[in-house]
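K.L.:
Compute the structure for the input listed below.
(2 chains)
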Amino acid sequence: MSANTRIPSPDQLEKVDSWGMQTSCISSVFRPSLPEQISDIFQTALAAQQNIALRGAGCSYGDASLNAENIILDFTRMNRILAWNPQTGEITVEPGVTLEQLWKYCIGDGWWPPVVSGTMRVTMGGAAGMNYHGKNNFKAGPVGDHILKFQLLLPTGELLHCSREENSDIFFAAIGGFGMLGCFTSITMQMKKIYSGMLEVYAFATNNFAHIIQEFEKRIPQADYLVGWIDCFAKGKELGRGQVHEAHYLQQGEDPFAMQTLRIEKQELPDSLFGILPKSIIWRLMKPIAHPVGIQLLNMLKYKASATLGNHKTIHQSHAAFAFLLDYVPNWKNAYLPGGLIQYQSFIPEQNAEECFKAQIELCQRRKMVPWLGVFKKHRKDDFLMSHAVNGYSLALDLRVTERNREALWQMAQDLNKIVLAYGGRFYFAKDSTLTSTDAEAFLGRDAIEKFESIKRRCDPHNLLQSNLSRRLFPLLNVVETVQPHVSETAL
Amino acid sequence: MPKRWQKAIIVGASSGIGEALSRKLAQSGCSVAMVARRIDTLKHIAHELDSSSCPTPLCYEHDVHDLENITALFQQICHNLGGLDLFIYSAGVMPAVHPEKSDFALDKNIIDTNILGATAWLNEAADRFQTAQAGTLAGVSSVAADRGRRSMIAYAASKAYMDTYLEGMRNRLSRYNVKVATIKPGPVDTPLLDQLDKGRLPMLISADKAAEIILNGLHRGGEIYVPGKWKPVMKLIQCVPSPLFSRLNL
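P.N.:
Here you go, the predicted model:
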């Protein structure tokens, strides 16, 4: 056993935060740089009767990569690109490679990640573990649809090769399996060919949920990306008003300056606003308006601007600027401090979406905890075992957490869960903070969970892989004799 | 109770204020780790609480004189609890002492339990809360700390140590979002006072009542007089000039 895999002493324990900053834990954090070290850590953990959670960049909003009082395996140092074929667009990466590394590596050759999240800080291991999606989910599916194969290091020490042909049951369970089955040590995926560094983006305002759904349905056949913003403060006939951004790839020959626009420098997000105001201080300027009245005003102004100045405008925007909205203002989430935020995202079948989202926003408004931001997307079903997607729509709601509203907010989330489940909706582990095990069973179904449990028993017989989220949502998944808290009867 | 605690450690939980605090916390849904020498008493308390709907407290046998084992035990308890957001050091001794004669053996016992044990445990919890940038640290001091009285000299001095120690910790940890509370009870009907004539003690309250007052104030940190009216009384007593105080039989 190598020296750097021992359990750290208490002063090496670290505070580990969720991305939403509303929950954290104290854990022993290991940062392996080689797959061999992971096996050592598995053995160390087993001997010390501790369990292990896997963590990429820690971009899950809730407790998916937290593991209180136990071990966290942080993959950010396993960040090498192992193979790249610029002819076919096939790339093999280690799990700690970030989306930022990935697109910067490929764009010069005319390739772009087929599915990207709102931030480029995520790791590809985390992306695969959560099976993340982007603004093109309705067309491109989740990232798992573009993963060709991967290697999975099981807690037993066995290294499995998985693809749609080989170990296919594990392939479809580990992608979206929230790190419960093993560690990805390499992931091979197919990139998307692009002929320009720019996207053609068309923006327009929508009046309410019925309108935005109607517009989405109309545009889905030709759009490459579609995303809606919702002003959650609007009421009555305007409930669900917002703005849609529709984007298209440029075809071969459409961009005469493709060689230039495909350069990283053309993609980089600007570091200042209006050329003078450094963006790193913007969240501090947001702080004074970070209260319900200020945010309501901001939402209203944004809507008015999108319905007048920005209505029916077409612009050319770089891939990075269009995709990575969450990185546009660095540390914007700090405006939610000290309590942090949760994101409540539900995925609702097409026919129920309008009614369900109306009910959700109305409930938030009645409870006076109105989401500061609402994001609307279209999705399609996929083949992964623990999938969050439906043929329908999702609405992601950013809700501020304070010490005073915490209990009421969690209660509201429970009530929202009831609404979502009644409409046949689903949830997403990367976003979740508030579900209960009953809710998880209700949307996934007993069959899927039992199948997942049986694969888990095969891959991880000692139940080494756990997280705060897995213990919260799947208590049965984590039942094992070695790591349960026990009553100690003698002094140590 | 204004704040819901999730996971707490009480050192000195087998009797008195520590026991009452453990019971009240457990009944409010908190997972409590009870630490004391008398494991049978702890188990009995845990068993009683087990029959109600609250989480069963974890019991740990430990003598606070056993300083070497504190670090390992503290880690083990945090692991078993799955976290920690409240730590209370409630162990303490107040042996009957001769009013006119010193007795080093007795004083040493006071120092070992009330000072050394407290420092070892509170240091562990303080460092952890500092790392976590969250949590509430508390120690049980006494109104006796506010003035050096002619009786129970070492006891009062040990509690004065607790006061100053916790004040220092409060100043260190305030910038890490950690609350530090100094609990200052007046006479509370606990086994600690068995040697005294309880009928003659002023403002005597039950341990249950004391625990209720403490839990109402803990989340704010700072000094908590139990009950609150001791605060003006002690401030007044502190104002009595020394030449006069030495003539009083307090």
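K.L.:
near chain A, which residues of chain B show up?
P.N.:
Taking Cβ under 8 Å from any Cβ of the partner chain as the measure of proximity, chain B contacts chain A at B:4, B:39, B:46, B:56, B:58-63, B:66, B:69, B:71-76, B:78-83, B:124, B:127-128, B:131-134. Glycine gets a C-beta too; all of them are placed from N, C-alpha and C.
K.L.:
Put the buried members of those into a ChimeraX selection.
P.N.:
Once 16 or more other Cβ atoms under 10 Å in any protein chain shown is used to decide burial, the buried members of the residues of chain B next to chain A can be selected in ChimeraX as follows:
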select /B:39,46,58,59,60,61,62,71,73,74,75,76,78,79,80,81,82,83,124,127,128,131,132,134
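K.L.:
Of the residues of chain B next to chain A, which belong to helices?
P.N.:
Residues from these lying in helices, with DSSP state H as the criterion: B:39, B:46, B:71-76, B:78-81, B:124, B:127-128, B:131-132.
K.L.:
Quick one: residues contacting A:A430.
P.N.:
If a contact means Cβ atoms under 8 Å, 6 or more residues apart in numbering or on different chains, then A:A430 has A:C59, A:S60, A:Y61, A:A64, A:G126, A:M130, A:Y132 as its contacts.
K.L.:
let me redo that: B:A126
P.N.:
Neighbour list for B:A126: B:L137, B:M169, B:R172, B:L173, B:V178 [criterion: Cβ under 8 Å, 6+ apart].
K.L.:
thinking again about what came up before, restrict the contacts of A:A430 to those near chain B?
P.N.:
Filtered for proximity to chain B (Cβ under 8 Å from any Cβ), those leave an empty set.
K.L.:
Of those, which belong to helices?
P.N.:
Secondary structure defined by DSSP H assigns A:G126, A:M130 of the contacts of A:A430 to helices.
K.L.:
Among the contacts of A:A430, name the ones in strands.
P.N.:
Using DSSP state E, no member of the contacts of A:A430 falls within strands.
K.L.:
In a markdown table, list the contacts of A:A430 along with neighbour count and distance to A:Q345.
P.N.:
As requested, the contacts of A:A430 are exported to a markdown table (neighbours: other Cβ atoms under 10 Å in any protein chain shown; distance: Cβ to Cβ, whole Å):
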| residue | neighbour count | distance to A:Q345 |
| --- | --- | --- |
| A:C59 | 26 | 14 |
| A:S60 | 29 | 12 |
| A:Y61 | 26 | 9 |
| A:A64 | 30 | 13 |
| A:G126 | 30 | 16 |
| A:M130 | 29 | 12 |
| A:Y132 | 25 | 12 |
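K.L.:
Show me which of the contacts of A:A430 is closest to chain B.
P.N.:
When the contacts of A:A430 are compared for distance to chain B (Cβ to the nearest Cβ), A:A64 comes out closest, at 16.5 Å.
K.L.:
pretty sure that closest one is touching A:M130, no?
P.N.:
Yes. At 7.3 Å, A:A64 counts as touching A:M130 under the criterion of Cβ atoms under 8 Å.
K.L.:
shared neighbours, the two?
P.N.:
With contacts defined as Cβ under 8 Å, 6+ apart, the residues adjacent to both A:A64 and A:M130 are A:F178, A:F429, A:A430.
K.L.:
For the second one, give me the backbone phi and psi.
P.N.:
I take that to be A:F429. A:F429 has phi and psi values of phi -60, psi -30 when expressed as degrees, to the nearest 10.
K.L.:
neighbouring contacts of stretch A:344-351?
P.N.:
By Cβ under 8 Å, 6+ apart, the residues outside stretch A:344-351 that reach it are A:356-357, A:360, A:371, A:379, A:388-397, A:399, A:413, A:416, A:420, A:423-428, A:431-432, A:434.
K.L.:
Just the buried positions in that stretch, please.
P.N.:
Using 16+ other Cβ under 10 Å as the burial criterion, the residues of stretch A:344-351 that qualify are A:Y344, A:Q345, A:S346, A:F347, A:I348, A:P349.
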